[in-house]
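> Structure, please.
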Amino acid sequence: MKPASPLLLAGLLLAPPAHAWEVGEFKNGMTRAEVDAALVSWNLDHRLPVGPDSVFVYDSLGNPAARRFLFTFCNDRLVALEQEVAPAFRHFVIIASNYANLHGDPVKVIPYTSVVASGEKNLLAMFWRRGSDYMGVKYLLQPTSEQLTMTWQISNACWQAPR
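Next up, the predicted model:
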C-alpha cells in the first residue's frame, strides 16, 4: 500500500454518510422538470405556482384522496417537500413521537403565537436532522381551522433550513 492510501481510507471512513431524503418518487436535488414528470402519474386536480420557487399541487375538496403537497426549489433543484395530512393534534403527537423514537430529540423547535383579525394563531413545529437532511412536523391552529404538515428539507443556498 502506498503511504497516501491509509489516509484516503481513513478519510472515507470518517466522512459523514451522504443522506438524501426521498418521499415517494420525489427526492432532494430533482430538477423542476423531473418533479413535473413524476407528478403526471399522480393525477392531482390542481397545480398552483407559489412565487418563483414553489409549486402547490392538490386535490379538489370533494376528492377523497385529499392530497396536498408543496414543492420548493433552489436554483431549479428540489430542496423541500411538504405534505399535508389529516389535521388533528393527536396526529401531531404520533408523528413527533415516531420521529423522536427514530432520531432522538429534535434539533429545532419553533413555538409561535400571534393574534390575527379572527383570533389567535398558534404554531408548533419540530425538526430532526439526519446528515444534511431535516425532517419535521408542523401543527398550525387558527380560530377557524387547523393544519398538520410533514416536511423534508435539505440545507441549500437560498434559505436556511429548517424553516
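> where along this protein do the strands fall?
In the chain, the strands defined using DSSP state E lie at 22-23, 26-27, 46-50, 54-58, 68-74, 77-85, 108-116, 119-130, 133-141, 146-154.
> And the fifth one, what does it pack against?
To tie it back to what came earlier, the one meant is strand 68-74. When contacts are defined as 3 or more Cβ pairs under 8 Å, 6 or more residues apart in numbering; DSSP states H and E, strand 68-74 sits against strand 54-58, strand 77-85. All C-beta spots, glycine's among them, are computed from the backbone N, C-alpha and C.
> sorry, back to before: just send the strands of the chain back as CSV, with mean neighbour count, mean pLDDT and distance to Ala33 too.
As requested, the strands of the chain are exported to CSV (neighbours: other Cβ atoms under 10 Å; pLDDT from 0 to 100; distance: least, Cβ to Cβ, whole Å):
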stretch, mean neighbour count, mean pLDDT, distance to Ala33
strand 22-23, 14, 88, 18
strand 26-27, 18, 93, 13
strand 46-50, 10, 94, 14
strand 54-58, 17, 95, 12
strand 68-74, 19, 96, 11
strand 77-85, 20, 96, 11
strand 108-116, 11, 94, 32
strand 119-130, 17, 94, 27
strand 133-141, 21, 95, 23
strand 146-154, 20, 95, 19
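> Among these, which comes closest to Val93?
When the strands of the chain are compared by Cβ to Cβ, strand 133-141 sits nearest Val93, at 9.1 Å.
> ok, residues contacting that closest one?
Strand 133-141 is contacted from outside by 19-21, 28, 87, 89, 92, 95-96, 99, 103, 106-108, 110, 120-128, 146-155, 161-162, using Cβ atoms under 8 Å, 6 or more residues apart in numbering.
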